[in-house]
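A.B. asks: Structural data only, the sequence is not supplied:
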């Protein structure tokens, strides 16, 4: 009996150490947004950003080419392919990078559906949770096979979420992103994006499909972690932002 108790106690300690290493403490209430082009935002985008800053209930940090370098770890530089990506795909890349290495919140530059305070509190109250988001709206909105799509009501959308950094989930998310970019690098050098929303259809030769480095990676992966997700982040307003 004593041996059994010692074994159980040791196992609990091991699990706690592993969980502490993965959790990395409380998540700072900050929401990152990305503007990856050198062009000025439209007035509508500026208004939506102001809505987010005013109503999110926490710090909102816009990351753009003028301050991006301050967030990049010296030993984890941007992938060589980054410079050849469209502005949209650069944003896809950065949200993966930031959610893995920094954690916290991410939002598209859209009006928030409400205050994020409770969403951060909910996330910090349960350290087993890897992501807090909002529910996808339909199977068609989910990238993945029929199995993933069949669980669409348990799958978070990509427009806004809070992510715990440096978990098994974020490591795999980031690793899969790098694998795609490694594969596409030579073609990207030859056929870089020619417009902010480039796809192979709109930018001949450009090798990355619209959802290839975000939804195609994120949805099938988070499907395997859906029991470690919450859904209390306010859903963004998906209108009037262009």
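C.D. replies: On my side now, so go ahead. Note that the coordinates shown come from a computational prediction; the quantities given were computed from them, not determined experimentally.
A.B. asks: Please pull out the lowest mean pLDDT helix or strand from the chain.
C.D. replies: Lowest mean confidence among the helices and strands of the chain (mean pLDDT, DSSP states H and E): helix 2-23, at a mean of 45.
A.B. asks: quick one: strands adjacent to the helix or strand following it?
C.D. replies: Remark: after helix 2-23, the chain's next helix or strand is strand 30-34, criterion DSSP states H and E. Paired strands of strand 30-34, with direction, are strand 59-63 (parallel), strand 104-107 (parallel) (DSSP bridges).
A.B. asks: mean confidence for strand 30-34?
C.D. replies: Averaged across strand 30-34, pLDDT comes to 98.
A.B. asks: for stretch 230-242, same thing?
C.D. replies: Rounded mean pLDDT across stretch 230-242 is 84.
A.B. asks: Over to stretch 97-116?
C.D. replies: Here the average pLDDT along stretch 97-116 is 97.
A.B. asks: what do you get for stretch 78-91?
C.D. replies: 98.
A.B. asks: Also stretch 195-205?
C.D. replies: Rounded mean pLDDT across stretch 195-205 is 96.
A.B. asks: in that stretch, what counts as buried?
C.D. replies: 198, 199, 203 (16 or more other Cβ atoms under 10 Å). Quick note: C-beta positions are derived from backbone N, CA and C, even for glycine.
A.B. asks: cool, and stretch 186-197?
C.D. replies: 188, 191, 192, 193.
A.B. asks: Let me have those residues in TSV, adding distance to residue 78 and secondary structure as columns.
C.D. replies: Converted to TSV, the buried residues of stretch 186-197 look like this (distance: Cβ to Cβ, whole Å; DSSP: H, G, I helix; E, B strand; the rest coil):
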residue	distance to residue 78	secondary structure
188	13	helix
191	19	coil
192	15	coil
193	15	coil
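A.B. asks: Please render the residues you listed as a markdown table that adds distance to residue 144 to the earlier fields.
C.D. replies: Shown next, in a markdown table, are the buried residues of stretch 186-197 (distance: Cβ to Cβ, whole Å):
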| residue | distance to residue 144 |
| --- | --- |
| 188 | 24 |
| 191 | 27 |
| 192 | 28 |
| 193 | 25 |
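A.B. asks: Residue 94: which of those is nearest?
C.D. replies: residue 193 (14.9 Å; Cβ to Cβ).
A.B. asks: nearest spatial neighbour of that closest one, skipping sequence neighbours?
C.D. replies: Spatial nearest neighbour of residue 193, chain neighbours left out: residue 86 (3.7 Å); criterion: Cβ to Cβ, 6 or more residues apart in numbering.
A.B. asks: The one you found: neighbour count?
C.D. replies: 23 (other Cβ atoms under 10 Å).
A.B. asks: just residue 62 next, same as before
C.D. replies: Other residues close to residue 62 by other Cβ under 10 Å number 16.
A.B. asks: Double-check it against residue 49; I have them as touching.
C.D. replies: Yes - assessed by Cβ atoms under 8 Å, residue 62 is found in contact with residue 49 at 6.6 Å.
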